[in-house]
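Q: Fold the following, please.
(3 chains)
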Amino acid sequence: MPLAKPVLSVRDLTVAFGGTGKPVPVVRGISFDVFANEVFCIVGESGSGKSVTSLAVSGLLPETADVSGSIVIGDTEIVGASAAVLRHVRSQDLGFIFQDPATTLNPVLRVGRQIVEGEVTHGRLRPSEAQVRAAELLREVDIADPVSRAQQYPHQFSGGMRQRAVIAMAMAGKPRLIIADEPTTALDVTVQAQVLSLLQRRQAETAAAVILITHDLGVVAEIAHRVAVMYAGRIVETGTVDEIFSSPRHPYTRALLRSIPRGDAVHARLDAIPGQPPTPETLPAGCPFHPRCVIGKERGECRTTEPLLRPIGADQQAACHFAEEKLLPAEARRTDFSGPAGEKAGDSLLEVDALKVHFPVRAGILKRVVGWVRAVDGVSLTVRVGETVSLVGESGCGKTTTARTIMGLVPATGGDVRFEGRSLLKLSSSRMREARRQMQYVFQDPYAALNPVLPVEEVVAEPLRLHGLYETAGGAARIAELFEMVGLSRRMFGRYPSEFSGGQRQRIGIARALALNPRLLILDEPVSALDVSIQAQVLNLLQDLQKELKLAYLFISHNLSVVQHMSDRVAVMYLGRIVEQAARDEIYRTPTHPYTQSLLSAAPVPDPTLGRTRRRIILEGEIPNPAAPPAGCTFHPRCFRSDEHCRRVAPSVVSYPGASIYVACHHPSDPMIPSIVREQSMEAGE
Amino acid sequence: MIGYVLRRLLHLIPVLLLGSAAVWAIIYAVPGDPVSVLVGENATAEQIAAATAKYGLDRPALVQYADWLWRALHGDLGTSIHASEPVLKLILERLPATFQLAFLATIVALVLGIPVAIASALKPGSWVDRILSLWNALTLGVPTFWLGILLILWFSVEMRWLPSASTYIPLWEDPVAALRSLILPAVTLGVYVSGVLARFLRASLVNEMRSDYVRTARSKGLWEWQVVGVHILRNALLPFVTIVGLMMANFIGGAVVTEAVFTYPGLGRLLIQAISTRDYPLIQGCIIVIMVIYILINLSVDVFYAYIDPRIEYK
Amino acid sequence: MKLTFGKLSAFGRALLRHKGAAAALAFLSVVALVAAFADFMPFDPFRQRLVDALKGPSQAHWFGTDELGRDIFARVVYGARTSLTTAAGAVAIAAAVGVPMGLVSGFFGGWRDAALMRFVDVMMTLPAILFAMALIAILGRSQIAAIVAVGITGIPSFARITRAQTLTLRSRDFVVAVEAFGGSARYNMFRTILPNSWSPILVQVVVLCSVAILLEAALAFLGVGVAPPTPSWGEMLRSGKSYLHEAPYYAVLPGLILTLTILSFDALGRAMADLLGERYEIRKSGSEGAA
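A: Have a look, this model is predicted:
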């Protein structure tokens, strides 16, 4: 393959954003080639320059960007090209898939028209044939009823369908190069699996070159042929996907791979990368990774000289002075860690019993109630002292509503929530206030969860002040103690939330939740807004705190590997109901509900070898509208095992003797046979 | 669609009821006896007794309001104290003049405003944008009555090109004379509103230009005129329709000041006369008519908007 | 930029560095100072000398004299007092009523919100100037009437801005967090949401100052503002308009000062909106008609 002429050739590309002051380099001299019929992944954390690289390749950067170096697509130089040349290249050679399908399409133009607009403009398609061609392109991306769909507007499409339409649009001109910038980040895991396999299929069919930008190592392992890892505006390592995952040579790549939770090492503590990724304004001298690096931290060469990318193996290159140095195997560095909870969990702390939360759907002038959204429809679970119970599911399954209802932020429609045996739903508001001291909430988005006009020590002190306990608890000394607990310094007092990074803000949010000495923390996607390396830091902190303070966690997440790492028990939610609940190892080893099985098989694993051998279940369709759920078992339209019975009768919960599994399914797999993918009927998808 | 219009009409009922009650209450809110307000302060005892009987002022307030509303619904807005003529007739005489001025001013505003907004939005921060934003600030900040005076000083007093006082001549009868008479007030009113329109349209254009779908359009290799003309403008003009509608609605009653500057015989001048002569039935009539026109224009704008924006479904 | 007390001085410095805002502030300070200390200045806005009537600008009378021989400059200075006090009073009324209204209706929603929105709808059906005129027709002509009338027309804009702000903040996690810790609704409204809403409210205060000055002048121009002989810029334009042929400066010069004052508030408002990252409220609460 390297002998062929590359479709895209990038040499010494630098991009700086000037503005008024001194130009800030965001991409600092990168070179790579992409060949026909391959998927080239650029992976990196936020601020690594990966998205800017992709925009530079297509000439879509704003005019304030200062681009130098060379980008050649086919035979055309992009850097400094005229508008006419750029337009020609984009129409002829390039297709672009963007991150957020909700905003990529023009809301007031019909989808079909947008798909073939470029073709018509460049005279490759007669306007009279546009309709037919648009429908054909939509059919190629598996959209049902493409003829009428082409006549619809983007808001009539679901998220996954929009992204398919965008793929159809990018492929319309049969381009030689497709750039996909985080194409599945905004999608749910089962829809992500659909879109990724579609992208893979279309890429193979057209033999196009694909550049895929992502932060998700699982996606990389799943789809890439070759990989470039970016850090601080440079490519620090590049190689084939197997080399990168099996023998990473750059300390950053190694650290990154070790910081993600993996199923095979659930009892080990995560190897977090210390510190923060540098911003383009604050690049350290020498190797930009050295302050966070295990081998370069103390070495003079790393501090003074920035290493260049150099060949290490046949196809592998790394930018490290000590890339040949053999490190101790990753496992050996892991301190022994007993995993979640440690000793067996104690008495039950929180009991949720058949909880229901229904929201009215109102319509008409008189605002009559015309229907109900059953956001939570009979959820039961128990959290015992010192243990972690996870609620996992895709967007809209009701996991956050469940959490907020437990917290008393959303009124319950039915059922009961008991804390230490006392029902919370019938409490007076002052009693509720008291009860809430025992139970605190950590929010998903660290940027939205802290009051921006309060200095951080006041943010942490606010719960104490609200309960009139500030002085009793020890005032500023207590706040300093809380800061220390979450790994922050009291020197940070007086600063405002905007001055902190995402990870630090999440620590502040945790400190605030701990202020009242609670026994239970409800953690609502606490790490999903954070970069992988920061994620590991926060997860480690949460586990340390749990051990130290004997905390119980109700952990809400969509990320299956994070859940596996953190939990004692796991409950899987779909459309407001728990479909399966079991001890962590049981559910991951022997899932019985078809939804759990597909969820587990849809999640990309950061291991290309395993990814190739395992068989995947790719669900059809998307999550239905919770205001009009399907009859019978709500999962039946997407289920590969559903039959007539499932269409009519909702399953009740059954349990297995000898296992901790509770499952709501008419046709569960037998948990005693440990294999995810063994049934004949599971061939749907691939 | 018809259902949507009907629903919007039903939504108006509380607004109209509240508004009309407020207008009706004007007479009661005035310090002193409502009878003396209606017949004048120097009325004789018989006149007062006659008026009390005639207007039914001895009945409970709610009954009086219902009665007033009933008559108003049948086109009876009472009789002007000053002119001794039906209020509705006085108002209807003035409406064509008001509509004509509003129409011309709208054209002036659109002709000045839209190109300014597009030119400055295409290159935010450029010198064109700066000059245009200065112009915008001027059009918004200069009071129309001062601008009107300056225009009269230059075009009428100094150059003697145009009349300083405007009269109503229907456009279809003598277009040249009508334009000569109307051009100054229309420009005065239009220039001010062009600033409002340009600022709004520029803001929404700049906003749309940052949208992802614009990047998508560019990534398809479209011509820049397609990106701006088809993709951006379509989105930006949608909310703009509402603003243009609001502006027209405001011209109906809101041209009071301009009409005063040019002594133009529109609805606004009628209202000022009514206020200065304390002609309360006429005040009530003018205000309720202006309200109703405003509401109707607004309704049409909303219906039109729902029609042109595919995202709104009339469910 | 989020306006906090800690950042107030930084915000002040940024405003002074902004050329437009600095010029506007300088002009407004001069107008305000002159208006405040008018009594100590060597001229009298009420002294009539018919022999001096309608004389052009001179050393003795910088802006000339009016039809009664009064010094126009002196009347402009005292007019500034009328204008600024009316605007200040009106904005105070509008903010004091509108902000809590917006907070409550945005926070609780439901019938409170429906009631507020209907009220705003009704207010919107009349251009501000007509509304003010109708109120003055009831209250009679006086400065208090002008303040109340202009103030009431400004309520909807504050209510709407605060309501919109409250609605966006209401569902933000840091507001929900306070609720989760056991903070009351009142605490959340006044201690969490309001401090996060200063930026748009402050911008609106400045915007409404320019609207109020314009509205007051327009009312006086129509003969329903502050009653004569109290000097008012609008009233001077009204009288000056009758002498366009004989004394063009009579209407032009007071109008110029009025315009510069309005433009200054406008420039200040926009500079603040820029610096605070707020959207400048273009619609100015239906003041189009006030023109």
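
Q: Compute the number of surrounding residues for residue C:8.
A: Using other CB atoms under 10 Å in any protein chain shown, residue C:8 has 11 other residues around it. C-beta coordinates here come from the backbone N, C-alpha and C atoms, glycine included.

Q: which strands and helices sit next to the host helix or strand of it?
A: Assessed by DSSP states H and E, residue C:8 sits inside helix C:8-17. Under the contact definition 3 or more CB pairs under 8 Å, 6 or more residues apart in numbering or on different chains; DSSP states H and E, helix C:8-17 sits against helix C:19-36, helix C:248-276.

Q: Apply 7 Å and report the result again.
A: helix C:248-276 (3 or more CB pairs under 7 Å, 6 or more residues apart in numbering or on different chains; DSSP states H and E).

Q: The helix it packs on: how far from the chain's middle?
A: On the basis of CA atoms, centre = their mean, to the nearest Å, helix C:248-276 sits 11 Å off its chain's mean C-alpha point.

Q: for stretch A:253-263, same thing?
A: The answer for stretch A:253-263 is 15 Å, by CA atoms, centre = their mean.

Q: Of all the residues in it, which ones are buried?
A: A:253-263 (16 or more other CB atoms under 10 Å in any protein chain shown).

Q: Output those in a markdown table; the columns should cover distance to residue A:381, pLDDT and secondary structure.
A: Shown next, in a markdown table, are those (distance: CB to CB, whole Å; pLDDT from 0 to 100; DSSP: H, G, I helix; E, B strand; the rest coil):
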| residue | distance to residue A:381 | pLDDT | secondary structure |
| --- | --- | --- | --- |
| A:253 | 39 | 92 | helix |
| A:254 | 38 | 89 | helix |
| A:255 | 36 | 89 | helix |
| A:256 | 34 | 89 | helix |
| A:257 | 33 | 89 | helix |
| A:258 | 32 | 86 | helix |
| A:259 | 30 | 87 | helix |
| A:260 | 27 | 85 | coil |
| A:261 | 22 | 84 | coil |
| A:262 | 26 | 76 | coil |
| A:263 | 23 | 71 | helix |
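
Q: Now for these: which two are most distant?
A: Within these, A:253 and A:263 form the most distant pair, 20.2 Å apart (CB to CB).

Q: picking up where we left off before, out of the buried residues of stretch A:253-263, which one sits closest to residue A:644?
A: Residue A:644 has its nearest neighbour among the buried residues of stretch A:253-263 in residue A:263, at 36.0 Å by CB to CB.

Q: quick one: secondary structure of the spatially closest residue to that closest one that is not a sequence neighbour?
A: In space, and not counting its chain neighbours, residue A:263 is closest to residue A:564: 5.7 Å by CB to CB, 6 or more residues apart in numbering or on different chains. Under DSSP: H, G, I helix; E, B strand; the rest coil, residue A:564 falls in the helix class.

Q: How about the contacts made by the closest residue in space to residue B:232 that isn't next to it in sequence?
A: Closest residue to residue B:232 apart from its sequence neighbours, by CB to CB, 6+ apart: residue B:208 at 4.9 Å. Counting by CB atoms under 7 Å, 6 or more residues apart in numbering or on different chains, residue B:208 makes contact with B:214, B:232, B:235-236.

Q: give me the element residue B:208 is part of.
A: helix B:175-209.

Q: The first helix or strand past that helix going along the chain to helix B:175-209, inter-axis angle?
A: Counting by DSSP H and E, the next helix or strand C-terminal to helix B:175-209 is helix B:212-219. Interaxial angle of helix B:212-219 relative to helix B:175-209 (axes from the mean of the first three to the mean of the last three CA atoms, to 10 degrees): 90 degrees.

Q: Looking at helix B:212-219 now, give me its mean pLDDT.
A: In this model, helix B:212-219 carries a mean pLDDT of 90.

Q: now the following helix or strand past that helix, how far from the chain's geometric center?
A: Sequence order places helix B:224-226 as the next helix or strand after helix B:212-219, per DSSP H and E. How far helix B:224-226 lies from its chain's middle: 35 Å, per CA atoms, centre = their mean.

Q: what does helix B:224-226 contact?
A: Contacts for helix B:224-226 (CB under 7 Å, 6+ apart): residue A:121.

Q: cutoff 10 Å now
A: Contact with helix B:224-226 is made by A:83, A:87, A:117-118, A:121, B:122, B:217-218, B:220, B:232, as judged by CB atoms under 10 Å, 6 or more residues apart in numbering or on different chains.

Q: so who does residue A:234 touch?
A: A:25, A:27-30, A:44, A:48-49, A:228, A:287-289, A:306-309, A:319.

Q: at 6 Å instead, please
A: residue A:28 (CB atoms under 6 Å, 6 or more residues apart in numbering or on different chains).

Q: Name the residues of the helix holding residue C:8 that are buried.
A: Those would be C:11, C:14-15, for helix C:8-17 by 16+ other CB under 10 Å.

Q: and which of these is nearest to residue A:98?
A: Nearest to residue A:98 among these, with distances taken as CB to CB, is residue C:14, at 35.0 Å.

Q: And for the residue in the stretch 1-150 of chain C positioned nearest to chain B, the neighbour number?
A: Distance from chain B to each residue of the stretch 1-150 of chain C (CB to the nearest CB) is smallest for residue C:127, at 3.5 Å. Look at residue C:127: counted by other CB under 10 Å, it has 27 neighbours.

Q: now swap in residue B:70 and tell me
A: 10.

Q: and what of residue A:548?
A: 9.

Q: Now it: which helix or strand?
A: Using DSSP H and E, the element containing residue A:548 is helix A:532-549.

Q: Residue A:440 in helix, strand or coil?
A: Here residue A:440 is strand, with the state taken from three-state DSSP.

Q: Please, where are all the helices along the stretch 151-291 of chain C?
A: With helices called from DSSP state H, counting those that start in this stretch, the stretch 151-291 of chain C shows them at C:173-180, C:185-187, C:198-221, C:233-240, C:248-276.

Q: and the stretch 151-300 of chain B, which of its residues are near chain C?
A: Within the stretch 151-300 of chain B, the positions near chain C by CB under 6 Å from any CB of the partner chain are B:153, B:157, B:192-193, B:199-200, B:247, B:250, B:253-254, B:256-257, B:260, B:272, B:275, B:283, B:291, B:294-295.

Q: Return the residues in contact with residue A:196.
A: Each residue near residue A:196 by CB under 6 Å, 6+ apart is listed here: A:184, A:223.

Q: So it belongs to a helix, correct?
A: Yes: counting by three-state DSSP, residue A:196 is found in a helix.

Q: So for the residue nearest to residue A:263, what's the pLDDT?
A: With respect to pLDDT, residue A:564 scores 91.

Q: and what of the one 3 residues further on?
A: You'll see residue A:567 listed with a pLDDT of 93.

Q: what are the bridge partners for the nearest residue to it once chain neighbours are set aside, then?
A: In space, and not counting its chain neighbours, residue A:567 is closest to residue A:390: 4.1 Å by CB to CB, 6+ apart. Taking DSSP bridges as the rule, residue A:390 bridges to residue A:555, residue A:570.

Q: Quick one: neighbours of residue A:390, just the number.
A: 28.

Q: That one: what's it in contact with?
A: With CB under 6 Å, 6+ apart, residue A:390 has these contacts: A:555, A:563, A:567, A:570.

Q: for the stretch 51-200 of chain C, which spans come out with low pLDDT?
A: Along the stretch 51-200 of chain C, segments meeting pLDDT under 70 span C:53.

Q: What residues does it have near chain A?
A: C:172-174, C:177, C:179-183, C:195-196.

Q: These, buried ones only, as a ChimeraX selection?
A: Here is the ChimeraX command that selects the buried residues among these (16+ other CB under 10 Å):
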select /C:172,173,174,177,179,180,181,182,183,195,196
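
Q: Chain A contacts on chain B?
A: B:10, B:212-213, B:215-216, B:219-222, B:231, B:234-235, B:310-311.

Q: Show me what the mean pLDDT comes to for the helix or strand where residue A:505 lies.
A: Taking DSSP H and E as the criterion, residue A:505 maps to helix A:502-514. The average pLDDT within helix A:502-514 is 93.
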